[in-house]
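Asks: from the sequence below, what's the structure:
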Amino acid sequence: MRWINKIKVNIIMLLVVLMVLAPQTYLNTAYAQSIVSLYPQYTTSLASSQVIYSSAGSALRGFQVTTSSVAGYVMLFDATSAPADGAVTPVKCVYISYPGTVLLGPDPGTAWLAKYGWTVVFSSTGCFTKTASATAFISGQ
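Replies: Numbering: from 1, shown residues only. Model (predicted):
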């Protein structure tokens, strides 16, 4: 019976070690991959989209969209460019009224990792139909 108790203790110790190390490994990986662009990417005039990262594994820590003339939808795509107008499937979609600002990001201390890259789009139609509207300031990092 003593050996069963030792096994239980060893399993508990292993679980504690995994719980402590796993988040640190994720965070270190996310920040190491995001080092490609430590500076925010942003539009220099009103636009309908902005590529934040154009490579796989990029870590997005947050983005902002501001509009002052039109209500619409802020869409986030795991893509290296904005999709064509029409039917789309965004990773995130939020309605924004005008004048308005949307700030989106993952939990503090974490990041969303991309399969392909990150592109933010402002559309005048719903979450699953993109109609580009070049009426927004877009920034992300």
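Asks: show me where pLDDT drops low in this structure?
Replies: Filtered on pLDDT under 70, the chain yields the residue ranges 1-38.
Asks: where do the helices of it begin and end?
Replies: Along the chain, the stretches classed as helices by DSSP state H are 2-34.
Asks: would you list every one of the strands in it?
Replies: Ranges of strands in the chain, per DSSP state E, are 41-42, 49-53, 59-60, 63-67, 72-77, 86-87, 92-96, 100-104, 112-113, 118-123, 129-130, 136-140.
Asks: please state the offset of the last one from the chain centre?
Replies: Strand 136-140 has its C-alpha centroid displaced from the chain centroid by 14 Å (Cα atoms, centre = their mean, to the nearest Å).
Asks: cool, the fourth one as well?
Replies: The gap between the average C-alpha position of strand 63-67 and the chain average comes to 13 Å, counting by Cα atoms, centre = their mean.
Asks: so what touches it?
Replies: Strand 63-67 is touched from outside by 52, 74, 76, 96, 98-105, 118, 120, 122, 135-141, with contacts defined as Cβ atoms under 8 Å, 6 or more residues apart in numbering. Backbone N, C-alpha and C define where each C-beta goes, glycine included.
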